[in-house]
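Novice: turn this into a structure:
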Amino acid sequence: MFYKSVGFVGGGRITRVVLNAWKRKKALPPEVRVTEIKAEVADKLKTMFPEVQLGSKVEGLVGSEIIFLAVHPPVLPEVLEELKKILKPEMVICSFVPKLSLTKLMEALGGFNRIIRMNPLATSFVNAGFNPASYGPGIGPEDKSKFIQQMSILGQLPEVKDELIEVYASISAMGPSYLWFLFYELVNLGESLGLTREQALEAVSNMLIGAARTMVESGLSPEEVMDLIPARPLAEEEEKIKEIYRQKIQGIYNKLRI
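Specialist: Now for the predicted structure:
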């Protein structure tokens with residue numbers, strides 16, 4: 001039970017992530033329509049996904065079973081005004097946008113309550129996402145089952161309280177941006193010391209998978225986990241790094257909650 005017709009408002013990064021996840025598993029819906037006003041963004045999307053129907057008006061999404069909102073928060077109020085004109089009782093709206101809760105979205109859409117909020121992770125690009133979702137009161141069991149079947153293609157899809165979506169956005173959706181540059185630096189160092197690019201990527205990626213499993217499966221405390229390696233070359237800098245994390249990530253969360 002998959003969607004046959006889906007629409008996206010916004011054709012940027014997160015839309016490409018979702019479409020790529022579906023395409024990798026040969027699960028692109030038969031009809032995918034995307035509204036995007038920026039020509040360069042639309043061109044990039046069309047290059048990656050020639051199957052997609054592109055337009056510049058929200059009304060071009062009429063007839064979609066589900067419409068995904070994939071725009072920046074400042075643009076969303078204007079989008080919601082346009083969306084109200086094409087809403088049908090049987091439609092489902094899924095917002096990827098932080099800041100506006102289910103309650104605020106329902107208010108902005110004149111009481112329409114067939115709404116889902118989802119917090120997509122960039123790793124959904126390769127079907128390895130951890131994508132928390134919360135469901136409005138108008139989403140029944142069949143709606144939820146259909147959504148879960150379609151969106152589980154992206155990875156894990158835990159149901160969470162709506163007020164926690166911004167927490168997940170701050171620590172997990174944004175999480176790779178706090179770490180990827182460090183991981184790629186390890187890869188670069190591996191190359192500079194004699195590994196091939198492929199060998200360095202293999203070493204670092206497998207280390208990361210194992211490190212995550214050790215955190216979850218070992219049953220050890222954080223201190224005991226970190227004590228499994230006798231040397232801590234960055235020990236003198238750890239408190240500085242943690243303070244940077246606390247300040248920056250708390251700042252991001254505060255912005256998302258306003």
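
Novice: and the helix or strand of the chain with the lowest mean pLDDT, what does it pack onto?
Specialist: Every helix and strand in the chain was compared by mean pLDDT, DSSP states H and E; the lowest is helix 238-257, with a mean of 92. Judged by 3 or more C-beta pairs under 8 Å, 6 or more residues apart in numbering; DSSP states H and E, the packing partners of helix 238-257 are helix 165-168. The way it works is simple: take the backbone N, C-alpha and C, and place the C-beta from them, glycine included.

Novice: what angle sits between the following helix or strand past the helix it packs on and helix 238-257?
Specialist: Once helix 165-168 ends, the next helix or strand along the chain (criterion: DSSP states H and E) is helix 175-192. Helix 175-192 and helix 238-257 meet at an angle of 140 degrees, taking axes from the mean of the first three to the mean of the last three C-alpha atoms, to 10 degrees as the criterion.

Novice: check contacts around Ile171.
Specialist: The contact partners of Ile171, taken as C-beta atoms under 8 Å, 6 or more residues apart in numbering, are Ile249.

Novice: tell me the spacing between it and Gly210.
Specialist: Using C-beta to C-beta, to the nearest Å, Ile171 is found at 21 Å from Gly210.

Novice: cool, Gln150 as well?
Specialist: From Gln150 to Gly210 the distance is 31 Å (C-beta to C-beta).

Novice: settle it for me: which of the two has more neighbours?
Specialist: Gln150 (21 against 10; other C-beta atoms under 10 Å).

Novice: tell me how far the ends of stretch 211-226 are from each other?
Specialist: 10 Å (C-alpha to C-alpha, to the nearest Å).

Novice: mind listing what's buried in that stretch?
Specialist: Residues of stretch 211-226 include none that count as buried (16 or more other C-beta atoms under 10 Å).

Novice: check stretch 191-211 too.
Specialist: Quick answer for stretch 191-211 (16+ other C-beta under 10 Å): Leu195, Ala200, Leu201, Val204.

Novice: tell me which element the second one falls in.
Specialist: In this case it means Ala200. helix 197-217.

Novice: next, the angle helix 175-192 makes with that helix.
Specialist: Going by the same axes, to 10 degrees, helix 197-217 makes 140 degrees with helix 175-192.

Novice: helices and strands around helix 197-217, which ones?
Specialist: So helix 197-217, by 3+ C-beta pairs under 8 Å, 6+ apart, packs with helix 175-192.

Novice: what about the helix it packs on, average pLDDT?
Specialist: The predicted model assigns helix 175-192 a mean pLDDT of 96.

Novice: send the alpha carbons of it over as PDB?
Specialist: The C-alpha trace of helix 175-192 is given here as PDB (Å, rounded to 0.1, in the frame of the first residue of the first chain):
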ATOM      1  CA  GLY A 175      24.000  15.800  13.900                       C
ATOM      2  CA  PRO A 176      26.000  14.800  10.800                       C
ATOM      3  CA  SER A 177      27.000  18.400  10.200                       C
ATOM      4  CA  TYR A 178      28.700  18.300  13.600                       C
ATOM      5  CA  LEU A 179      30.700  15.300  12.700                       C
ATOM      6  CA  TRP A 180      31.200  14.600   9.000                       C
ATOM      7  CA  PHE A 181      33.900  17.200   8.600                       C
ATOM      8  CA  LEU A 182      35.900  15.400  11.400                       C
ATOM      9  CA  PHE A 183      35.400  12.000   9.800                       C
ATOM     10  CA  TYR A 184      36.500  13.300   6.400                       C
ATOM     11  CA  GLU A 185      39.600  14.800   8.000                       C
ATOM     12  CA  LEU A 186      40.400  11.300   9.300                       C
ATOM     13  CA  VAL A 187      40.000  10.000   5.800                       C
ATOM     14  CA  ASN A 188      42.300  12.700   4.500                       C
ATOM     15  CA  LEU A 189      44.900  11.900   7.200                       C
ATOM     16  CA  GLY A 190      44.800   8.200   6.300                       C
ATOM     17  CA  GLU A 191      45.500   9.100   2.700                       C
ATOM     18  CA  SER A 192      48.400  11.400   3.600                       C
END
